[in-house]
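K.L.:
predicted model, plus sequence, below.
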Protein chains: 2
Amino acid sequence: MKKYSEALLAGSKLNLNVRMKEVRSDISAGMYSAIPILSPSDFPQYDRSAVDGFAVRYEDVLSAGLNNPISLKLVGSIHVGDANNIRIGKNQCAEIFTGAEVPEGADAVVMQEDAEIEGEYVAIFRKVKKFQNIGRKGEDLKTGDKIIDRGQRIMPWHIPAFIETGIEKVNVFDLKIGVLSTGDEIVSGKVKNASAPMLQSLIVRDGFNSVFLGNVEDNVEKISNVIRSFEGDLLIVTGGSGPSSTDLMDSILQNLGQIIFHGIRMKPGRTTGLALVNDKPIFTISGLPVAALIAYENVIRPLIFNWLSIKETRPNIVKGELTRSIFNNEAMKMFVRVRLSNKDGKIYVDPLRTTGSGIINSVINADGYLIIDENVEGYQEGQLVEVKLIG
Amino acid sequence: MKKYSEALLAGSKLNLNVRMKEVRSDISAGMYSAIPILSPSDFPQYDRSAVDGFAVRYEDVLSAGLNNPISLKLVGSIHVGDANNIRIGKNQCAEIFTGAEVPEGADAVVMQEDAEIEGEYVAIFRKVKKFQNIGRKGEDLKTGDKIIDRGQRIMPWHIPAFIETGIEKVNVFDLKIGVLSTGDEIVSGKVKNASAPMLQSLIVRDGFNSVFLGNVEDNVEKISNVIRSFEGDLLIVTGGSGPSSTDLMDSILQNLGQIIFHGIRMKPGRTTGLALVNDKPIFTISGLPVAALIAYENVIRPLIFNWLSIKETRPNIVKGELTRSIFNNEAMKMFVRVRLSNKDGKIYVDPLRTTGSGIINSVINADGYLIIDENVEGYQEGQLVEVKLIG
């Protein structure tokens, strides 16, 4: 059995062959950009008005005030998207609306409420600074500005940046993850397969494609066939990974490829393994839901993120005070489910039951987990500890 | 213009008619449970072994030790899902595998490594406590335990609880949100519609159904028709909400229904409005992407969550030290985009540019926003402030 950190290190040395696909940028949220995307143009593409008002030369209205209106000749009206052939000369102005292109000659916009139309003239009651109320060309994004990095997840707010700079298609990772469940008891229906749909939901939550390869009985030939003919990029096999006499996976994987590790000093999830078959990573994990969940979140997902250079976008660590002492007397890396509570502005960390890797209730009610390293014997009540948030 | 808190209060008094639909529990992750779901059965349904080993009567092996093996008669072998007709009598044991039902008479399981099969007998080298290595009936979920509450989002780890307790279907909210974009400049293509696909992505991220109703020009009749014939539950209309002369939405909504509020003392997003037409909430928001984003995240989403009794599952507030002073000289509720950084275990909050509600770049690069209330004039460099994380 490897230490957790050793297992992740061994896994991180593999390569995952990643396919890309091109998708329409407006429906790309939730996927991962496969290349860095730079802005192909300035945005705004021109100086535009940030308000409804009047485009002026700021010099003409330097002395404007409530008691000293300056009268400018009105030479036109400019709406958003209007082709702009107006030119503002000395003591002239044009009506302009939010987002419209500032006409040649003008270098500031007076707000509507600071002006009054009087026939062919406009009285200006307030002076403006140069470029006041103007959004300058390229002030949002300049040509070459990085919009998103390789491996960064596309969020809803990236989409306007794509659209406004004319990016209609983006290249995203096209990762297909297979889930295969093994076990006579699952095929016979004596035990329900609760892990596979959970794993598929986790894969979808993470923005990857999930393919269920079915339930297969504990049979070397049948399992080998499914693994050999798998057309996706990465496979997760549940069941058959434990130390019991019905464990077949080791011999299957040794025969088909190469075992990177099998067994991690972590709890739950200690039967977690990784092999390489046809250059594809094959994870073997427990079929028990909580062990499968902890293995996915703390071994499989971190390794996929590592292989694809995906960065976690959010800090998901919270610090709080432990409400009761907990011990690690097995020298394993422990993932202890905890609840968080907030009292008088202080965060408290309340450990839930830690035994029984099948106890899904401990996850449903948990806010996160406290990770205890192999060489740490435990934490005392009242100690400040870090909690990794779930979800 | 209403204060932000007043607007949310006025909105929260409305009712949203929520439809439900029944979906298969194994594919329900990401949706919201429409009713509280209680466990219909105990799980485990029986006492089961937590390890591979031998089911014993703990009294029989009280004196077992490495130098004092206790010999028990082997009466059978029990795999997961086996119908259990074995009975363990005095000085008897049965081989048992992880997850299998503990046979009648037995009240503890000795681990494989603490025993040795010798023909028809098993030598036990270690004593066990009563119920040791046994997962008790109902220890995970008891009949009537709450698995999920009304309005709680179904997470991947709820699925095993549904499946293991025999819940095959769940009732979820079936909320259909329409997005309608208005504006001559969008219909003509002079300005690209960058907000609608962003809003649709936000709606999908939040687990609701999104329907795009198209781009419609600034025409009372055409816009009215789309709103009148809308078959979803809630509508978001972009554009036409500003104070400019082309603003039509107020007259349209007054004619079709009732305006709850129009205009909020917040920035960006001050043109945000809410009306009620045919008992359906209609939000009117700016078509500028950042204003639309802030309005969705801070007005629309909180009100939907309020109407559906959905609770935010995660604390998304982080505290940090402000790197430079910022001022609120407009007595508006300000949403200032900030970046977070971590130095020497301390979190720093770096405000990005705050002007220009069209500056999508400020959101792409932001980690969250600092909210400044209307009556707060600003925050000083070095002050500890709270940041609401984006995403």
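P.N.:
Happy to help now that I have it.
K.L.:
need the contact list for residue A:219.
P.N.:
Taking CB atoms under 8 Å, 6 or more residues apart in numbering or on different chains as the contact definition, residue A:219 lies against residue A:248. Backbone N, C-alpha and C define where each C-beta goes, glycine included.
K.L.:
separation between it and chain B?
P.N.:
Separation of residue A:219 from chain B (CB to the nearest CB, to the nearest Å) stands at 15 Å.
K.L.:
go on, residue A:333?
P.N.:
19 Å.
K.L.:
do residue A:155 as well
P.N.:
Look at residue A:155 and chain B: by CB to the nearest CB, they are 6 Å apart.
K.L.:
do the same with residue A:57
P.N.:
Counting by CB to the nearest CB, the separation of residue A:57 from chain B is 22 Å.
K.L.:
and for that residue, the neighbour number?
P.N.:
Residues within reach of residue A:57, counting by other CB atoms under 10 Å in any protein chain shown, total 20.
K.L.:
surely it meets residue A:104?
P.N.:
No: here residue A:57 lies out of contact with residue A:104, judged by CB atoms under 8 Å, at a distance of 10.8 Å.
K.L.:
could you name every residue contacting both of these two?
P.N.:
Shared contacts of residue A:57 and residue A:104, counting by CB under 8 Å, 6+ apart, come down to residue A:88.
K.L.:
can you map out the strands along the stretch 151-300 of chain A?
P.N.:
Secondary structure of the stretch 151-300 of chain A, counting by DSSP state E, counting those that start in this stretch: strands at A:169-173, A:176-182, A:209-216, A:234-238, A:258-262, A:266-267, A:273-277, A:280-285.
K.L.:
which one, of those, ends up nearest to residue A:383?
P.N.:
The minimum distance between residue A:383 and the strands of the stretch 151-300 of chain A falls on strand A:266-267, with 20.4 Å, by CB to CB.
K.L.:
just checking: what are the partner strands of the closest one?
P.N.:
For strand A:266-267, the paired strands and their directions (DSSP bridges) read strand A:333-343 (parallel).
K.L.:
and the partner strand, which residues are buried?
P.N.:
Of the residues in strand A:333-343, those buried by neighbour count under the rule 16 or more other CB atoms under 10 Å in any protein chain shown are A:333, A:334, A:335, A:336, A:337, A:338, A:339, A:340.
K.L.:
quick check, central residue of chain A?
P.N.:
Most central in chain A under CA atoms, centre = their mean is residue A:153, positioned 4.3 Å from the mean C-alpha point.
K.L.:
quick check: it touching residue A:308?
P.N.:
No: between residue A:153 and residue A:308 there is no contact under CB under 8 Å: 10.6 Å.
K.L.:
hey, what's in contact with both of those two?
P.N.:
residue A:32.
K.L.:
now the residue of the stretch 1-150 of chain A at minimum distance from chain B, what's its secondary structure?
P.N.:
With CB to the nearest CB, the shortest gap between the stretch 1-150 of chain A and chain B falls at residue A:81, namely 2.4 Å. Using DSSP: H, G, I helix; E, B strand; the rest coil, the three-state assignment for residue A:81 comes out as coil.
K.L.:
quick check: closest non-adjacent residue to it.
P.N.:
In space, and not counting its chain neighbours, residue A:81 is closest to residue B:190: 2.4 Å by CB to CB, 6 or more residues apart in numbering or on different chains.
K.L.:
the one you found: what's it in contact with?
P.N.:
Contact analysis of residue B:190 by CB under 8 Å, 6+ apart lists A:80, A:81, A:82.
K.L.:
format those residues as JSON lines; extra columns: pLDDT, distance to residue A:141 and neighbour count.
P.N.:
Supplementary listing: those in JSON lines, determined by pLDDT from 0 to 100; distance: CB to CB, whole Å; neighbours: other CB atoms under 10 Å in any protein chain shown:
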{"residue": "A:80", "pLDDT": "82", "distance to residue A:141": "19", "neighbour count": "22"}
{"residue": "A:81", "pLDDT": "78", "distance to residue A:141": "19", "neighbour count": "17"}
{"residue": "A:82", "pLDDT": "80", "distance to residue A:141": "23", "neighbour count": "17"}
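K.L.:
which one of these is nearest residue B:363?
P.N.:
For the contacts of residue B:190, the residue nearest residue B:363 by CB to CB is residue A:80; the value is 21.4 Å.
K.L.:
wait, that closest one touches residue A:98, no?
P.N.:
Yes: with contact defined as CB under 8 Å, residue A:80 counts as touching residue A:98 (7.3 Å).
K.L.:
get me the contact residues on the stretch 51-200 of chain A for chain B.
P.N.:
For the stretch 51-200 of chain A, the residues in contact with chain B under the definition CB under 8 Å from any CB of the partner chain are A:52, A:79-82, A:97-99, A:112, A:135, A:139-141, A:145, A:147-148, A:155-161, A:163-164, A:183-185, A:188, A:190-195, A:197-199.
K.L.:
of the residues you listed, buried ones?
P.N.:
The neighbour-count criterion (16+ other CB under 10 Å) marks A:52, A:79-82, A:97-99, A:112, A:135, A:139-141, A:145, A:147-148, A:155-161, A:163-164, A:183-185, A:190-191, A:193-195, A:197-199 among these as buried.
K.L.:
show me those that map onto helices.
P.N.:
Using DSSP state H, A:158, A:159, A:160, A:161, A:163, A:164, A:184, A:185, A:195, A:197, A:198, A:199 are the members of those that sit in helices.
K.L.:
name the nearest of these relative to residue A:218.
P.N.:
Nearest to residue A:218 among these is residue A:184, at 5.1 Å by CB to CB.
K.L.:
surely that closest one and residue A:218 touch.
P.N.:
Yes: between residue A:184 and residue A:218 there is a contact under CB under 8 Å: 5.1 Å.
K.L.:
burial count for the closest residue to residue A:378 other than its chain neighbours?
P.N.:
In this structure, residue A:378 finds its nearest non-sequential neighbour in residue A:327, 3.8 Å apart by CB to CB, 6+ apart. Residue A:327: 13 surrounding residues under other CB under 10 Å.
K.L.:
now swap in residue A:119 and tell me
P.N.:
Neighbourhood size, residue A:119 [other CB under 10 Å]: 6.
K.L.:
what do you get for residue A:258?
P.N.:
Neighbour tally, residue A:258, other CB under 10 Å: 12.
K.L.:
any idea of the pLDDT on it?
P.N.:
Per-residue pLDDT puts residue A:258 at 96.
K.L.:
so what pairs up with it in the strands?
P.N.:
Counting by DSSP bridges, the residues bridging with residue A:258 are residue A:276.
K.L.:
make sure it is actually in contact with residue A:278.
P.N.:
No: here residue A:258 lies out of contact with residue A:278, judged by CB under 8 Å, at a distance of 10.6 Å.
K.L.:
can you tell me how far residue A:263 is from residue B:275?
P.N.:
Separation of residue A:263 from residue B:275 (CB to CB, to the nearest Å) stands at 62 Å.
K.L.:
for residue A:239, that is, sorry about that
P.N.:
Going from residue A:239 to residue B:275 by CB to CB gives 55 Å.
K.L.:
the two - which one has more neighbours?
P.N.:
Here residue A:239 and residue B:275 are compared on neighbour count by other CB under 10 Å; more neighbours surround residue A:239, at 31 against 24.
K.L.:
list the contacts of that one.
P.N.:
By CB under 8 Å, 6+ apart, the contact list for residue A:239 reads A:181, A:182, A:183, A:186, A:286, A:287.
K.L.:
for the residues you listed, which one is nearest residue B:108?
P.N.:
Each of those was checked against residue B:108 using CB to CB; the closest is residue A:286, at 22.7 Å.
K.L.:
flag the shaky bits of the stretch 101-250 of chain A, pLDDT-wise.
P.N.:
Low-confidence segments of the stretch 101-250 of chain A, defined by pLDDT under 70, are located at A:240-247.
K.L.:
got the end-to-end distance for stretch A:89-98?
P.N.:
Using CA to CA, to the nearest Å, the gap from the first to the last residue of stretch A:89-98 comes to 21 Å.
K.L.:
okay, now the domains of chain A?
P.N.:
Taking automatic domain parsing as the criterion, chain A consists of the domains A:4-19+A:175-307, A:20-44+A:139-172, A:48-135, A:317-389.
K.L.:
so which of those comes closest to residue B:11?
P.N.:
Residue B:11 lies closest, by CB to CB, to one member of the domains of chain A: domain A:20-44+A:139-172, at 22.0 Å.
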